[in-house]
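1. need a structure here:
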Amino acid sequence: MNIKQAKQEISNTLKAYLTRDELGNYLIPTIRQRPILLMGPPGIGKTQIMEQIAAETGVGLVAYTITHHTRQSAIGLPFIEKRTYGGREFSVTEYTMSEILASVYDLMEKTGLKEGILFLDEINCVSETLAPMMLQFLQCKTFGNQSLPEGWTIVAAGNPPEYNKSVRDFDVVTLDRVKRIDVTEDFAVWKEYAYRRGIHGAVISYLDIKKEHFYRVETTVDGLQFATARGWEDLSELIGAYETLGLRVDREVVGQYIQLPRIAKDFANYLELYYKYQQTYHVEEILQGSWKAVTMSELRAAPFDEKLSVMGLILSRLAEESGRVRGQDALTTALHTDLLDLKEQLAAGASPLETLASLIAGRQTEVKRAKEAGQLDKETRNLCQREIQTLERYRQALQQEGISDGDTAMAAVREWFSREIESRKKLGEETGTLFANAFRFLEQTFGDSQELVIFVTEITAGYNTSWFVENFGCDAYFRHNRELLFDNTRHRIREEIAQARTAEETEAPE
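-> Residues are numbered from 1 along each chain as shown. From the prediction side, this is the model:
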């Protein structure tokens, strides 16, 4: 299955393991809660989906790359304990708590979460001395004298032997005690993820054209050479940072992430073209509605790959602006909840400054708790930081203006909050104009062609762009989408009629 399907299956399994009966006991006894063994190529997102599952289900997450551990750090250090059996005293070897299990208990103490996921990556690449202990842990959920706390699910990940010479095969006894999920790379699923994570437009559009370059592992005379999903995502982060700094990403830099030379060279060349198209076709002018006739004629006559690249540039900017609107929308929603809390407490006679300080402290505690629990992704972190900063501005403004009366403070905060709402509205209108201009340019350039079909499909697939049209609307998108749906329906009906005629002819008597 692909990584998206694997994520859903792990989520379902976790829910099943954590469901209790009417007496408060786990529906599936702990002894029958098999560890999940996630097997698949490196760099396809196994670690990322664990972070997503923890955040979405509200459980804790402790993650370890097990190859970094020795037998001692995993099982604990031995010490001698005195025990009495049958009136005689014996020296017995016991063990200090495993560092891994201690991390689980630490998280429980810090966050109050009693249930979670212990994620062990590269499980089948452990050292020879640690291998028996890891197999015991998968089978019995114990390290030395200590057990994994009830309510915690083990998810272990490994790579098939063709990707790693250090891989150890599991025996039948171990495999018969785990729930094995085999996962494979899938560009369509990764592309969906890439849109949401804001992967650089050059990476997405390049891989759309060269899907066969998304994930490759080749054995050559120079050893293993590869391009992975992890490599593309990390390269995307670097390209964004380099652009901010005014630096250039060349072939050598690309090769540090995409370690298959011919693909690295090909993408580096494409990236140069991507920047060239940005200037040649004046993408910003297109989005502002001030393009020239020559721009349309040049794009109309361009090779299909070039057309896709230019549409990718336009889509990337639309996704970026849609993301800004979505971020502002999320901020106003969060602040609205805060203001309801503020209003309720002020009505009870609380101090405005103390109440805002308390709200800020509460949000900071929530962020810290989510971070310690492994539930804080970049998007949520940024939203929380903006919310806290805004509340702090409100508090400081009240303090500077010497406002201590509850009604006066609430009126002032409402006025400041209205500016956030106005900012949301303005951003939405500006982005809506960009969408309208993009469609108008493409309609004038291509008419009703496959390019428009691709453009509408990509907007639908994009996380931010689809959110925007759903919440703010876009007449051109809805018009083309209806036409696309009509064409698809008409095509399907024609196929069904043709199949029916064929069947009739086959069944007709001679």
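2. Only C-alpha atoms from now on, for both contacts and neighbour counts.
-> Will do.
3. which residues of the stretch 351-500 of the chain score low on pLDDT?
-> Along the stretch 351-500 of the chain, segments meeting pLDDT under 70 span 483-500.
4. what residue ranges in this protein score low on pLDDT?
-> In the chain, residues with pLDDT under 70: 68-71, 73, 127, 144, 161-168, 171, 483-510.
5. how about the strands in the chain?
-> Using DSSP state E, the strands of the chain run over 36-39, 60-65, 78-85, 88-95, 116-121, 142-143, 146-147, 152-158, 179-182, 216-220, 223-227.
6. what residues does the last one touch?
-> The set of residues that contact strand 223-227 without belonging to it, under C-alpha atoms under 8 Å, 6 or more residues apart in numbering, is 213-219, 257-261, 263.
7. So how do I select the buried members of these in ChimeraX?
-> To isolate the buried members of the contacts of strand 223-227 in ChimeraX, using 16 or more other C-alpha atoms under 10 Å:
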select :213,214,215,216,217,257,258,259,260,261,263
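8. Quick one: the contacts of strand 223-227 as TSV, columns for distance to Glu320 too.
-> Listed next are the contacts of strand 223-227 as TSV, based on distance: C-alpha to C-alpha, whole Å:
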residue	distance to Glu320
His213	25
Phe214	23
Tyr215	26
Arg216	29
Val217	32
Glu218	35
Thr219	38
Tyr257	24
Ile258	25
Gln259	29
Leu260	30
Pro261	30
Ile263	27
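9. Closest one of the contacts of strand 223-227 to Leu238?
-> Tyr257 (9.7 Å; C-alpha to C-alpha).
10. isn't that closest one right next to Ser236, touching?
-> No: contact criterion C-alpha atoms under 8 Å: Tyr257 and Ser236 do not qualify, at 9.7 Å.
11. circling back to that earlier point, ok, which of the strands of the chain comes nearest Asp21?
-> Comparison of the strands of the chain against Asp21 by C-alpha to C-alpha identifies strand 152-158 as nearest, at 17.3 Å.
12. Quick check: the gap between the residue nearest to Ile239 when sequence neighbours are not counted and Ser236.
-> Excluding the flanking residues, the one nearest Ile239 by C-alpha to C-alpha, 6 or more residues apart in numbering is Val249, at 6.5 Å. As judged by C-alpha to C-alpha, to the nearest Å, Val249 and Ser236 stand 10 Å apart.
13. next one: Arg324
-> Taken as C-alpha to C-alpha, the span from Arg324 to Ser236 is 19 Å.
14. higher neighbour count, those two?
-> Using other C-alpha atoms under 10 Å as the criterion, Arg324 and Ser236 rank with Ser236 on top: 22 against 17.
15. Run through who's touching stretch 302-310.
-> With contact meaning C-alpha under 8 Å, 6+ apart, stretch 302-310 is reached by 202, 205-206, 209, 274, 277-278, 281, 283, 299-300, 451.
16. circling back to that earlier point, from the contacts of strand 223-227, pick the one nearest His480.
-> Closest to His480, out of all of these and judged by C-alpha to C-alpha, is Phe214, at 29.8 Å.
17. Now for the closest one: which residues touch it?
-> So Phe214 contacts 187, 207, 227-229, 232 (C-alpha under 8 Å, 6+ apart).
18. Which pair of the residues you listed spans the longest distance?
-> Greatest spacing in these, by C-alpha to C-alpha: Phe187 and Ala227 (12.5 Å).
19. Looking at these two, which has the bigger crowd around it?
-> Ala227 (22 against 19).
20. Which single one of the contacts of strand 223-227 is nearest to Thr174?
-> Minimum distance to Thr174 across the contacts of strand 223-227 is 28.4 Å, recorded for Val217 (C-alpha to C-alpha).
21. which residues does the closest one contact?
-> 163, 224-227.
22. Identify the farthest-apart pair in those.
-> Comparing every pair within the contacts of Val217 by C-alpha to C-alpha identifies Tyr163 and Ala227 as the most remote, at 12.3 Å.
23. The stretch 151-300 of the chain: helices as residue ranges?
-> Along the stretch 151-300 of the chain, counting by DSSP state H, counting those that start in this stretch, helices occupy 172-175, 187-197, 201-209, 229-245, 251-255, 261-280, 283-287, 293-301.
24. can you pull the contacts of the residue nearest to Ile239?
-> So Val249 contacts 239, 242, 268 (C-alpha under 8 Å, 6+ apart).
25. do the same with Tyr95
-> Here Tyr95 is in contact with 75-79, 144-145 (C-alpha under 8 Å, 6+ apart).
26. what do you get for Gly40?
-> Counted by C-alpha under 8 Å, 6+ apart, Gly40 has contacts 157-160, 182-184.
27. Repeat the analysis, applying 6 Å as the threshold.
-> 159, 182-184 (C-alpha atoms under 6 Å, 6 or more residues apart in numbering).
28. Kindly report the same for Ile459.
-> Applying C-alpha under 6 Å, 6+ apart, the residues near Ile459 are 465-466.
29. what's the spacing between it and Leu207?
-> If you go by C-alpha to C-alpha, the gap between Ile459 and Leu207 works out to 17 Å.
30. go on, Tyr281?
-> Using C-alpha to C-alpha, one gets 21 Å for the distance from Tyr281 to Leu207.
31. repeat for Glu150
-> As for Glu150, its distance to Leu207 is 44 Å (criterion: C-alpha to C-alpha).
32. how's the protein carved up into domains?
-> Domains of the chain are assigned by automatic domain parsing as 3-184, 185-280, 322-421.
33. Between the two ends of the last one, how far is it?
-> So that's domain 322-421. 16 Å.
34. How far does it sit from its chain's centre?
-> Distance of domain 322-421 from its chain centroid, counting by C-alpha atoms, centre = their mean, to the nearest Å, is 26 Å.
35. same thing with the longest one?
-> For domain 3-184, the gap between its own C-alpha mean and the chain's C-alpha mean amounts to 23 Å (C-alpha atoms, centre = their mean).
36. go on, the shortest one?
-> Averaged C-alpha coordinates place domain 185-280 at 18 Å from its chain's average position (C-alpha atoms, centre = their mean).
37. what's the angle between the lengthiest helix in the chain and helix 201-209?
-> Identified as the longest helix of the chain according to DSSP state H is helix 304-347. Inter-element angle recorded for helix 304-347 and helix 201-209: 130 degrees (by axes from the mean of the first three to the mean of the last three C-alpha atoms, to 10 degrees).
38. which of the contacts of strand 223-227 lies closest to Met1?
-> Nearest to Met1 among those is Tyr215, at 15.6 Å by C-alpha to C-alpha.
39. hang on, the earlier thing: could you check the angle helix 187-197 makes with the longest helix of the chain?
-> For helix 304-347 against helix 187-197, the angle by the same axes, to 10 degrees is 50 degrees.
40. The nearest residue to Leu335 once chain neighbours are set aside: neighbour count?
-> Distances taken as C-alpha to C-alpha, 6+ apart place Glu387 nearest to Leu335, at 6.7 Å, with adjacent residues excluded. Residues contacting Glu387 under the criterion other C-alpha under 10 Å number 22.
41. all numbers from here: first residue = 124
-> Let's use 124 as the start, then, which means that last one is Glu510.
42. Could you check how far Glu510 is from Val490?
-> Taken as C-alpha to C-alpha, the span from Glu510 to Val490 is 11 Å.
43. how many neighbours does the closest residue to Met533 other than its chain neighbours have?
-> Excluding the flanking residues, the one nearest Met533 by C-alpha to C-alpha, 6+ apart is Lys466, at 6.8 Å. For Lys466, the neighbour count with other C-alpha under 10 Å is 18.
44. try Thr180
-> Counted with other C-alpha under 10 Å, Thr180 comes out at 13.
45. do Glu467 as well
-> So Glu467, with other C-alpha under 10 Å, has 11 neighbours.
46. next one: Pro426
-> Pro426: 10 neighbours (other C-alpha under 10 Å).
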